[in-house]
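> Need a 3D model of the sequence below.
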Amino acid sequence: AVWLASRGWRVDAIDFSPVAVRRIETTAEHYRETVHATVADVTRYDPDEGAYDLVLISYLHLPGPEMQGVLERACRAARPGGTLLLVGHDVSNLDHGVGGPQDVRVLSSVDQVTATWRRCADIVLAEVARRPVEDAVALDTVVRAIRRD
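The predicted structure is shown next:
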């Protein structure tokens, strides 16, 4: 949130953790006018339709049905022509990468995200990215899409 604000974005940050939201508010003090952080359960949070130029889901790990709902609401929250972006630990990270959740039920996959977002958006990028972590590599799902009208 702070990184985006430092680059001129107005940001609404949603996190279930009051500690994380306080950290955003403290770190974003210089950007108080452009960063709004809210404690909320993202599985129940219903953003305004078409309200955002960018909807970013970053390392959110939920069981399939809950993640499905989040992905659908994210798509509705992006304005037509807006960008949807998900980055998270990929299911292949369990056997071939390091770190991240060790529960296959909460890990993302390119297929899971693209299957949902294809209904409302054009997929621009869908890959499993290799991310260096000290002397090893983590595998992340990365999907970028543009919301259709």
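> which residues does the spatially most central residue of the chain contact?
Nearest to the centroid of the C-alpha atoms of the chain, with distances taken as CA atoms, centre = their mean, sits I57, at 0.7 Å. Residues in contact with I57 (CB atoms under 8 Å, 6 or more residues apart in numbering) are V70, L71, A74, L85, L86, V87, G88. For every residue, glycine as well, the C-beta is placed using N, CA and C.
> Now rank the residues you listed by neighbours and give me the top one.
Looking at the contacts of I57 with neighbours defined as other CB atoms under 10 Å, the largest count falls to L86 at 28 neighbours.
> What segments of this structure are strands?
Secondary structure of the chain (DSSP state E): strands located at 11-15, 35-39, 52-58, 78-89, 121-133, 136-147.
> of these, which approaches T26 most closely?
Of all these, the one in closest proximity to T26, counting by CB to CB, is strand 35-39 (9.9 Å).
> Show me what that closest one is in contact with.
For strand 35-39, contacts defined as CB under 8 Å, 6+ apart pick out 1-2, 5, 10-18, 21, 24-25, 28.
> if we can go back for a sec, okay if I get the strands of the chain as TSV plus distance to G100 and mean pLDDT?
Written out in TSV, the entries for the strands of the chain read as follows (distance: least, CB to CB, whole Å; pLDDT from 0 to 100):
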stretch	distance to G100	mean pLDDT
strand 11-15	18	95
strand 35-39	24	95
strand 52-58	13	98
strand 78-89	3	98
strand 121-133	9	98
strand 136-147	6	98
